[in-house]
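Asks: just the structure for this:
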Amino acid sequence: MKKPLGIVVLSLLLIWNVCAAENVKVVDGDTLKLNGLKIRFSGIDAPESNYKGIEQKCLKNETIVRCGTLSKEYLIDIIGNNKVFCEIEKKSDKYKRKLGECFVNNQSLSKILVRNGFAFDWPYYSKGKYAADQEYAKQNKLGLWNMKFEFPWDFRKNN
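Replies: Numbers count the residues shown, from 1 in each chain. This next block holds a predicted model:
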């Protein structure tokens, strides 16, 4: 029995928009490379590990912390040796990176990062998708919420 053309096309679109890889490189706290494809997590923002040659810093108990590296290393730890799956959006960002949400063991990396305070809900893009997770991290002083920091979008604007 032949499948209707619409089902075939929808199936191909679903395959096109999902990436899975064991070859993962963490670029920073909100960006991965999967088999060479650069994917920026949509709706969140993490501290910068290398923005125009500058790493974003935070202050914890009067000690300078490299919070861009902290966020990146947290993402590396979450992924570990697990497979990463990403659902890619149709659009790309201004740097021509693909946008998407990535998962390990069926858990959203974006949600984990925000809920543990190593990235932030970026309301301009997320429409509040991660707001409850961010509030949880803030109330429990998790990750960056236990230090003084500048939101990454403000850091970029000021640098």
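Asks: would you map the strands across this structure?
Replies: 18-21, 24-28, 31-34, 37-41, 44-45, 58-60, 63-65, 84-92, 98-104, 107-108, 120-121 (DSSP state E).
Asks: with mean pLDDT, mean neighbour count and distance to residue 151 added, can I get these in CSV?
Replies: C-beta: built from backbone N, CA, C; applies to glycine. CSV is the format used below for the strands of the chain (pLDDT from 0 to 100; neighbours: other C-beta atoms under 10 Å; distance: least, C-beta to C-beta, whole Å):
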stretch, mean pLDDT, mean neighbour count, distance to residue 151
strand 18-21, 54, 16, 28
strand 24-28, 94, 18, 15
strand 31-34, 92, 20, 17
strand 37-41, 92, 21, 16
strand 44-45, 96, 26, 7
strand 58-60, 97, 16, 11
strand 63-65, 97, 12, 16
strand 84-92, 87, 16, 22
strand 98-104, 94, 20, 19
strand 107-108, 97, 16, 21
strand 120-121, 97, 26, 6
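Asks: ok, residue 48 - contacts?
Replies: Residues near residue 48 by C-beta atoms under 8 Å, 6 or more residues apart in numbering: 28, 54, 55, 56, 68, 152, 155, 156.
Asks: please redo it, this time with the cut-off set to 6 Å
Replies: By C-beta atoms under 6 Å, 6 or more residues apart in numbering, the residues touching residue 48 are 56, 68, 152.
Asks: skip the chain neighbours and tell me the closest residue to the last one.
Replies: The shortest distance from residue 152 to any residue that is not its chain neighbour, by C-beta to C-beta, 6 or more residues apart in numbering, is 4.4 Å, and that residue is residue 45.
Asks: can you name the residues bridging to the one you found?
Replies: Beta-bridge pairing for residue 45 (DSSP bridges): residue 120.
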